[in-house]
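Undergrad: Quick one, structure for this:
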Amino acid sequence: MYRWWVFIHIVGVVGFVLSHGVSTGMALRIRHERIPDRIRALLQVSGSATGVFYISTLLLLLGGIAAGVDRHWFEQAWIGVALGVFVAEMIFMWAVTVPYYRRVRKILTIEEAGGEAVGATEIEALVKSGVPVLSFWVGILGLLFIVYLMVLKPF
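TA: So this is what the prediction gives:
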């Protein structure tokens with residue numbers, strides 16, 4: 001059964017990375033856009049990957065935890081650390097990245113409705129934020145550390 005759990009885990013990882021690739025690509029591209037309609041389109045493309053993201057997250061956790069139980073890896077520290085890093089990254093993304101994109105969407109909604117409180121200066125300041133780059137690096141470094149733990153099982 002172990003091979004099936006690993007298969008499910010890898011399918012989840014592939015979907016997770018692909019869906020995040022879409023969102024990350026859009027996030028980094030938005031930083032260079034100043035036209036509100038183009039920013040809205042990029043946000044729509046990014047949002048279209050969320051269904052795959054949630055299903056993939058479920059699969060990678062299910063397969064990884066089941067494989068860990070099957071092989072008694074929960075007796076080793078590396079798997080707990082890997083899960084902790086994954087959870088910490090999810091919390092970071094929900095606490096920092098999600099509110100940022102909610103703010104971007106809100107400002108673009110106000111702009112689209114003709115609100116005078118939002119202009120080109122506000123949009124430019126928001127899209128130039130360092131949040132997407134910070135989120136990118138937190139995600140990449142965390143993922144690489146998890147891969148290191150899974151492959152080398154150092155402790």
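Undergrad: low pLDDT regions in this protein?
TA: Across the chain, nothing is flagged by pLDDT under 70.
Undergrad: now the helices for it?
TA: Along the chain, counting by DSSP state H, helices occupy 2-30, 36-47, 50-70, 77-92, 98-112, 120-127, 131-152.
Undergrad: for the longest one, packing partners?
TA: Taking 3 or more Cβ pairs under 8 Å, 6 or more residues apart in numbering; DSSP states H and E as contact, the helices and strands that helix 2-30 lies on are helix 36-47, helix 50-70, helix 131-152. In short, each C-beta sits where N, CA and C put it, glycine included.
Undergrad: Out of those, which gets nearest to residue 98?
TA: Closest to residue 98 of those is helix 131-152 (Cβ to Cβ; 9.8 Å).
Undergrad: Show me what that closest one is packed up against.
TA: So helix 131-152, by 3+ Cβ pairs under 8 Å, 6+ apart, packs with helix 2-30, helix 77-92.
Undergrad: can you list contacts of stretch 41-54?
TA: 15-16, 18-20, 22-23, 26-27, 29-30, 33, 101, 104-105, 108 (Cβ atoms under 8 Å, 6 or more residues apart in numbering).
Undergrad: Go through the helices and strands packed on helix 131-152 and pick out the most buried.
TA: Of all the helices and strands packed on helix 131-152, helix 2-30 has the most neighbours on average by mean count of other Cβ atoms under 10 Å, namely a mean of 17.
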